[in-house]
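**Student:** I would like to see how this sequence folds:
(one chain, ligands or ions: 1)
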Amino acid sequence: MVKEIGTVNQRRLRFNPTLRRMVRDVHLSVDQFMQPYFVAPVSETHKAPAVIPGLTGTYRETPDSLLKQAAADREQGVKSSLIFGVPAAKIPARLKAGSRTDFGSGFDVEFTAQQISKLRQEMGPDFFIAVDVCFCSHTEHGHCGVLSCKGDEVVNDVTVQELAKAALIYAQAGADCVAPSDMMDGRIAAMRNLLDANGYEKTLIMSYAVKFHSKFYGPFRLAADSAPKTGAEPVILHDRATYQIDPANRHDAIACAYRDAAEGADILMLKPGLPYIDILQKLSTEIQKPWAVYEVSGEYAAIELMNQQGLMNGPAAHVESWTALARAGAQIIISYGSRYARKWLEQ
Ligand code: PBG
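**Tutor:** Numbering: from 1, shown residues only. Below is the predicted model of the structure:
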């Protein structure tokens, strides 16, 4: 006798924890995680690793503490890093009157380059080193590139040229991968060309291709000292809306991803993660490239703060968020909690 159709038992698959794990169709692994690091020179105010509000367990490192932290993280399963150098000196980075290229002293990326080469020496060839390429930590005004003389825009082409030069210096210092987060047009092609012309054909480019103009970058901007300055006349531009993608513009996001893939990006990244998971899902099925997602500082801190208030189980909530990001098609997850991934995924 055939049972009458009407109730289908879905719960049968849920009662046994071993079975629950076995029938999953999304599996996270520590291999997918990339750990961000902030590093700033030692100074009067920066002599030891500094706590970053909201980002429990992540510090603004000193050059020495960076090496110790990376070595300790490797013991916890971390294999891959994303480096943010926060140099001591800031420059005006503003075009001189009447010039389209001259902005004075230029960007000094030596500090970051030195940290890369020391990290490479300390960690050996197998530790993956990606480096953020952007100038928001280098400029007095806090914007990601060179400002126009009037202070009303970030000038595209001169910024792109400087970014490409920085990428080459980072590659020469030993970076496996350069990751431009500035959102200028044409930076991927410019970097690829300059890297190739200098024999760095094997250096990867991970493009922050789909980077939205988001409020979720708050804690990061404290860590990287990179917020666009408000009220600092004569800078007219007070946010990044003229270069980062509008949260309400899907078409722009999609166009940027296709454009950067065509220009030669090896890995495409989307950020923030959870608020933009619809775009990740769509693009990761359409564009056959490795997709990275950045669980940005504000997303990470939201969970940490709720955890501290006793409102949720932080580690489990992080794993749940990461699962969602992987389910939406990300292969690589950049998270401040990467150093805990092995432990948390086992729980
Ligand atoms: C630099 C940059 C930002 C982030 C990564 N690279 C901040 C910004 O664009 O203001 C954000 C990362 C995070 O919030 O964790 N341009």
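**Student:** Close to the ligand: what parts of this structure are there?
**Tutor:** Counting by CB under 6 Å from any ligand atom, the chain comes close to the ligand at D132, C134, C136, C144, S181, Y217, F220, R221, S226, R240, V296, S297. Just so you know, the C-beta spots here come from the backbone N, C-alpha and C atoms, and that holds for glycine as well.
**Student:** what number of residues lie near the fifth one?
**Tutor:** Translated: S181. 22 (other CB atoms under 10 Å).
**Student:** Find me the pLDDT at it, would you?
**Tutor:** Per-residue pLDDT puts S181 at 97.
**Student:** isn't it right next to V210, touching?
**Tutor:** No: using CB atoms under 8 Å, S181 makes no contact with V210, being 11.5 Å away.
**Student:** where are the low-confidence patches of the stretch 101-250 of the chain?
**Tutor:** Low-confidence segments of the stretch 101-250 of the chain (pLDDT under 70): 231-234.
**Student:** In it, what residue lies closest to the ligand?
**Tutor:** Nearest residue of the stretch 101-250 of the chain to the ligand (CB to the nearest ligand atom) works out as F220 at 3.2 Å.
**Student:** Wasn't I83 part of a helix?
**Tutor:** No: I83: not assigned to a helix; according to DSSP: H, G, I helix; E, B strand; the rest coil it is strand.
**Student:** If we ignore the residues flanking it in sequence, what's nearest it?
**Tutor:** Once flanking residues are discounted, I83 sits nearest to V131: 4.7 Å by CB to CB, 6 or more residues apart in numbering.
**Student:** count of neighbours near the one you found?
**Tutor:** 30.
**Student:** Relative to L168, how far out is it?
**Tutor:** Look at V131 and L168: by CB to CB, to the nearest Å, they are 12 Å apart.
**Student:** Name the SS class of the residue nearest to I83, please.
**Tutor:** What three-state DSSP gives for V131 is strand.
**Student:** Secondary structure element for L28, which one?
**Tutor:** Here L28, judged by DSSP states H and E, is contained in no helix and no strand.
**Student:** ugh, wrong one, I meant Q35
**Tutor:** Going by DSSP H and E, Q35 is part of strand 33-39.
**Student:** Give the partner strands of that strand in its sheet and their orientations.
**Tutor:** Here strand 33-39 is paired, per DSSP bridges, with strand 59-61 (parallel), strand 80-85 (parallel), strand 332-334 (parallel).
**Student:** need the contact list for F216.
**Tutor:** P272, P275, V296, S297, G298, E299 (CB atoms under 8 Å, 6 or more residues apart in numbering).
**Student:** which residue ranges form the helices in the stretch 201-347 of the chain?
**Tutor:** 218-223, 250-263, 277-286, 297-308, 314-327, 341-346 (DSSP state H, counting those that start in this stretch).
**Student:** The first one - contacts with which helices or strands?
**Tutor:** Translated: helix 218-223. Secondary-structure packing of helix 218-223 (3 or more CB pairs under 8 Å, 6 or more residues apart in numbering; DSSP states H and E): helix 297-308.
**Student:** what residues does the helix it packs on touch?
**Tutor:** 52-56, 214-220, 223, 272-275, 312-314, 317-318, 321, 335-337.
**Student:** starting at the chain centroid, how far to that helix?
**Tutor:** Its chain's C-alpha centre and that of helix 297-308 lie 17 Å apart, by CA atoms, centre = their mean, to the nearest Å.
**Student:** in the stretch 51-200 of the chain, which spans are helices?
**Tutor:** All helices of the stretch 51-200 of the chain, identified by DSSP H, counting those that start in this stretch, fall at 63-75, 110-123, 156-173, 187-197.
**Student:** Just list whatever residues bridge to the most centrally placed residue in the chain.
**Tutor:** Nearest to the mean C-alpha position of the chain, by CA atoms, centre = their mean, lies Y294 at 5.5 Å. For Y294, the residues forming beta bridges with it (DSSP bridges) are I334.
**Student:** And A97, how far from V23?
**Tutor:** From A97 to V23 the distance is 67 Å (CB to CB).
**Student:** wait, R187 sits on Q161?
**Tutor:** No: assessed by CB under 8 Å, R187 is found out of contact with Q161, at 9.4 Å.
**Student:** between the two, who's got more neighbours?
**Tutor:** Neighbours were counted for R187 and for Q161 using other CB under 10 Å; R187 has more, 30 against 17.
**Student:** so A93 sits right up against C149, yeah?
**Tutor:** No: contact criterion CB under 8 Å: A93 and C149 do not qualify, at 11.6 Å.
**Student:** Comparing the two, which residue is more hemmed in?
**Tutor:** A93 (26 against 15).
**Student:** what's across from the nearest residue to the more buried one once chain neighbours are set aside in the sheet?
**Tutor:** Nearest non-adjacent residue to A93, counting by CB to CB, 6+ apart: T139, 4.2 Å away. In this entry, T139 is beta-bridged to I91, by DSSP bridges.
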